[in-house]
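Colleague: prediction below, plus the sequence it came from.
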Amino acid sequence: MGEPIVHIEGFQMVFGDTTVVEDLSFDVAAGETFGFLGSNGSGKTTTLRALLGIYQPTAGVLHINGRPFSPADGARLGYLPEERGLYKKEPVVDTMVYFGQLKGLDKTAARAWSLEYLERVGLTDKASTRLDKLSGGQQQKVQLGVTIMNTPELLILDEPTKGFDPVNRRLLMDIIEDQQKAGATVVMVTHQMEEVERLCDRVILLKDGKRHAYGTVREVQEQFGGTVYRVHHTGVVPDSHHYTVVATEPAGQGQVTDLAPADGAGETVVLAELVGAGVPVSGFATVRTSLEEIFIRVYGTDSLQEAEAAAGVGA
Ligand SMILES: Nc1ncnc2c1ncn2[C@@H]1O[C@H](COP(=O)(O)OP(=O)(O)OP(=O)(O)O)[C@@H](O)[C@H]1O
């Protein structure tokens with residue numbers, strides 16, 4: 001990795017007597033899209049706020065482009081905060097133009113960009129409407145527009161598609177993807193694992209304020225779920241030192257069996273072993289555990305306990 005655009009080392013955040021983030025370190029390389037994942041309350045927003053100087057860290061180094069964030073860096077940065085907030089009593093396009101000018105665009109360019117963006121997100125007819133007359137999702141579209149209108153080199157998005165219907169979520173992901181293609185580095189908090197699988201190069205999973213996993217999406221999948229070979233067959237799969245049988249279920253006339261390969265046992269080796277043992281194989285596929293399954297495995301109990309606590313269950 002070249003010089004990281006974001007560098008966090010030994011970050012700790014204590015509120016009162018509660019340690020919310022502990023000894024957190026990670027880097028984000030220029031040009032990559034980085035997924036910041038973790039259950040509710042695991043410290044993601046806190047980390048972003050400390051990175052952007054909104055919170056004073058208890059300890060640690062948090063750098064953007066080699067130094068602590070300073071407001072002067074704002075022109076090259078787009079931050080979509082978790083708490084959305086624009087001037088609600090102003091017309092949509094005026095608000096966008098105002099922020100565009102704050103970010104250094106001239107008024108004509110800001111207006112042209114805003115109208116084009118509003119058309120793309122289906123809000124042309126709302127351009128002159130007060131922001132507070134828009135739905136929550138429509139307001140969020142405007143806010144994302146404000147965030148990206150100066151084509152920032154670093155985009156920090158805290159749950160950018162929260163509250164969107166699937167069609168609009170896809171539209172927003174397309175817009176984020178365009179920013180990627182234009183060369184932006186994207187740091188994105190999200191709970192939508194399909195967004196991560198589609199957009200992210202690398203991820204970090206926070207658990208209880210600590211780094212639980214960190215690497216490419218593929219590496220995290222290998223680390224927590226691994227790969228299985230899914231075999232459709234009749235007859236019995238014999239024991240072998242090349243694999244372990246993880247699960248087997250009836251399917252049609254035969255069975256489907258998941259085999260976890262031993263270290264170094266590739267598809268060809270395992271398939272040859274089965275065929276050599278006389279197992280009639282009608283299908284063979286490599287299946288990687290989805291991030292969603294991994295998330296549920298890593299956080300399942302915690303997230304449920306939190307939901308139960310919030311609902312007063314067991315109180
Ligand atoms: N200003 C603050 N004062 C005290 N505690 C805080 C403050 N900000 C955050 N916390 C606590 O820090 C913990 C982490 O919160 P944070 O918002 O960083 O979580 P998160 O991972 O972004 O969660 P979510 O996915 O729900 O948005 C929570 O327990 C929260 O209550």
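Modeller: Sure, I can see it.

Colleague: can you list the neighbours in contact with the one helix or strand residue 204 maps to?
Modeller: Assigning secondary structure by DSSP states H and E places residue 204 in strand 202-207. With contacts defined as C-beta atoms under 8 Å, 6 or more residues apart in numbering, strand 202-207 is touched by 21, 24, 26, 28, 32, 34-39, 42-44, 47, 196, 211-217, 220, 291, 295, 298-299, 302. Using the backbone N, CA and C atoms, a C-beta is placed for each residue, glycine as well.

Colleague: quick check: nearest residue in space to the residue of the stretch 51-200 of the chain found nearest the ligand, chain neighbours excluded?
Modeller: Of all residues in the stretch 51-200 of the chain, the one sitting closest to the ligand is residue 82 (5.9 Å; C-beta to the nearest ligand atom). Once flanking residues are discounted, residue 82 sits nearest to residue 158: 4.1 Å by C-beta to C-beta, 6 or more residues apart in numbering.

Colleague: can you name the residues bridging to that neighbour?
Modeller: residue 189 (DSSP bridges).

Colleague: from residue 94, how far out is it?
Modeller: To residue 94, residue 158 is 25 Å away according to C-beta to C-beta, to the nearest Å.

Colleague: more neighbours, those two?
Modeller: residue 158 (20 against 16; other C-beta atoms under 10 Å).

Colleague: how about residue 4, phi and psi?
Modeller: With angles defined as degrees, to the nearest 10, residue 4 sits at phi -70, psi 150.

Colleague: so it touches residue 34, yeah?
Modeller: No - using C-beta atoms under 8 Å as the test, residue 4 is too far from residue 34 to be in contact (10.1 Å).

Colleague: centroid-nearest residue for this protein?
Modeller: Nearest residue to the geometric centre of the chain (C-alpha atoms, centre = their mean): residue 35, 3.5 Å.

Colleague: I'm done for today, thanks for sticking with me.
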